[in-house]
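A.B. asks: When you get a sec, could you give me coordinates for this:
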Amino acid sequence: MSEKAVVIYSGGMDSFTILHRAHRDGYELFPLTFNYGQKHSKEIRYAASVCQSLGLPHRVIDITAINQLLQSSSLTSDLDIPEGHYEADNMKSTVVPNRNMILLSLAIGYAVDIGANKVFYGAHSGDHAIYPDCRPEFVHAMNDVARIANYEPVEIVTPYLDSDKIGILKDGLTMGLDYSLTWTCYNGREKACGKCGSCVERLEAFALNGISDPLAYETGPAL
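C.D. replies: Numbers count the residues shown, from 1 in each chain. Purely as a prediction, here's the structure:
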């Protein structure tokens, strides 16, 4: 009997790669996607489509009510999405306060409820500079809490904690994954903007892997 695992699945590149990696490794997967009022909620449709194609029991949870408490982030308010590289100081406006602690807490509760002992999520080293809740010290501390918060211990699994998006993409390409099935842009328009930190990092990963991004961009052909 396969081991059950919850995957926090946004519909972006990182969680898409983790989902397929865990699926390849034989876990019985329960993908969990959150609508927290993000401007790029288009990613939810991408997540649903992938899970349907894999025949996975996908859950989309509406927690948009918390948006009224998280208006300091440009992802959840009327503030403009900044442009530039993730390591630029203006990218701090995309930090949603306490987001990963909130999402992990819900995912851990779901895991306990269905008898899963693992929760996968896509923290990686490319996010360490700007997002405190993707840094190793946060992940390790949350893992300690997850082991004692319930009668049933849950492990938080972060396969790419020490990898960047370049390495994640490389791993996914090795698995033959189709990244046209993912959405990364922080703007949820028809095409990816190509200018926000998320797009810039994605395009950089494709360029350094020597291939073109299959998504269409407002800025013209993918780099």
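
A.B. asks: which strand is the longest one in the chain?
C.D. replies: strand 28-35 (DSSP state E).

A.B. asks: Give me the next element, helix or strand, following it.
C.D. replies: helix 42-54 (DSSP states H and E).

A.B. asks: Give me the contact list for whichever helix or strand comes after that next one.
C.D. replies: Next helix or strand after helix 42-54 toward the C-terminus (DSSP H and E): strand 59-62. Identification of contacts with strand 59-62 by CB atoms under 8 Å, 6 or more residues apart in numbering yields 30-35, 44, 47-48, 106, 110. To be clear about C-beta, it is placed using only N, CA and C from the backbone, and glycine gets the same treatment.

A.B. asks: are any of these buried, and which?
C.D. replies: Using 16 or more other CB atoms under 10 Å as the burial test, the contacts of strand 59-62 include 30-34, 44, 47-48, 106, 110 as buried.

A.B. asks: pLDDT score assigned to Asp78?
C.D. replies: Reading off the confidence values, Asp78 has pLDDT 68.

A.B. asks: switch to numbering from 348
C.D. replies: All right, first residue 348 from here; so that's Asp425.

A.B. asks: Could you give me the buried positions within stretch 448-461?
C.D. replies: For stretch 448-461, by 16+ other CB under 10 Å, it's 449-451, 453-455, 457-459.

A.B. asks: Now flag whichever of those is closest to Ala563.
C.D. replies: Checking the buried residues of stretch 448-461 against Ala563 with CB to CB, the nearest one is Leu450 at 28.7 Å.

A.B. asks: quick one: the strands in the chain?
C.D. replies: 351-355, 375-382, 406-409, 465-467, 502-504.

A.B. asks: Of all these, which one is nearest Gly535?
C.D. replies: Closest approach to Gly535 among the strands of the chain is made by strand 375-382 (11.7 Å; CB to CB).

A.B. asks: Just the angle for that closest one relative to strand 351-355, thanks.
C.D. replies: 20 degrees (axes from the mean of the first three to the mean of the last three CA atoms, to 10 degrees).

A.B. asks: Work out the sheet partners of strand 375-382 and label each with its direction, please.
C.D. replies: strand 351-355 (parallel), strand 406-409 (parallel) (DSSP bridges).

A.B. asks: Understood, closing this out.
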